[in-house]
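**Q** dropping the sequence and predicted coords here.
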Amino acid sequence: MITFILKTQTRDLKGEKCDKLREKNIIPAIVYGRDFKPVALQVPLVEMKRIFKEAGESTLINLEIDDKKSIKVLIHDVQRDSLSDEIQHVDFYKIKAGEKITVETGLKFLGEAPAVKNLGGILFHNIDRIEIKCLPEDLIHEIEVDVSGLDAIDSIIRIKDLKVPSNIEVLADPEELVVGVSRPQAEEEKPTEEEKPTEEEKKEPIESVESKE
């Protein structure tokens, strides 16, 4: 498993003064947790974007504060600018050893569905993330979903069909649909011989309707 390390510093600036940090491509953040006093932090934007892209919200991160001993955290919340979509603030949650955590993890779809390749079906995804609960050391970044077994139109995969390690509890409804194959979009039906207008109907003049004064 990849080890993610993020170096941060304690932060003195608060509130609107944090805009001065953002102008320097430094993002305000905070780390908190059970039986842990919250600490205001600042982290380089470039590093934060890299870590978030690779680790997401379901991977443990070794958070170093002022070059001291690291603590294990999860990215709990990322606030973005409504216009630029740039990261504005990050919440980290400190993990407590031996305590189960609840997170959302992504679904990774693998393989090719024969019903799509051979029958012209359309593959559709109903969800791409599910909520799980486990100990920090058992946390997984994603759950693989093999679609190569979808060999018929209307075939589906439900949450109960996913291969999930026994030490991880899936909190979603087991019957919830994950992915499936639907029928191809029907072509517009061409008019039958009975529906086609006859030559006499084509020549028949259209009666005009006089408007009433």
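**A** Cool, got the structure.
**Q** from here on, just use CA atoms for contacts and neighbour counts.
**A** Noted.
**Q** identify the residues contacting Leu74.
**A** Counting by CA atoms under 8 Å, 6 or more residues apart in numbering, Leu74 makes contact with Glu57, Ser58, Thr59, Leu60, Ile61, Phe92, Tyr93, Lys94, Ile95.
**Q** run through the bridge partners of it.
**A** Note on Leu74: beta-bridge partners by DSSP bridges are Tyr93.
**Q** and which of the contacts of Leu74 is nearest Ile27?
**A** Checking the contacts of Leu74 against Ile27 with CA to CA, the nearest one is Phe92 at 12.7 Å.
**Q** how much space between the closest one and Val31?
**A** Distance of Phe92 to Val31, given as CA to CA, to the nearest Å: 4 Å.
**Q** the domain parsing of the chain - what is it?
**A** For the chain, automatic domain parsing gives the domain ranges 4-94, 101-182.
**Q** and Ser84, how far is that from Phe52?
**A** 17 Å.
**Q** about what we covered before: out of the contacts of Leu74, flag the one nearest to Lys17.
**A** For these, the nearest to Lys17 is Phe92 (20.6 Å; CA to CA).
**Q** ok, Lys108 touching Ile143?
**A** Yes - Lys108 is within contact range of Ile143, at 5.9 Å (criterion: CA atoms under 8 Å).
**Q** now do the strands in the protein.
**A** Using DSSP state E, the strands found in the chain span residues 4-10, 26-33, 36-44, 61-65, 71-80, 87-94, 101-110, 122-125, 129-134, 142-146, 156-158, 169-170, 177-182.
**Q** low-confidence stretches in this protein?
**A** Residues of the chain meeting the criterion pLDDT under 70: 1, 186-213.
**Q** what comes up buried for stretch 27-39?
**A** Ile27, Pro28, Ala29, Ile30, Val31, Tyr32 (16 or more other CA atoms under 10 Å).
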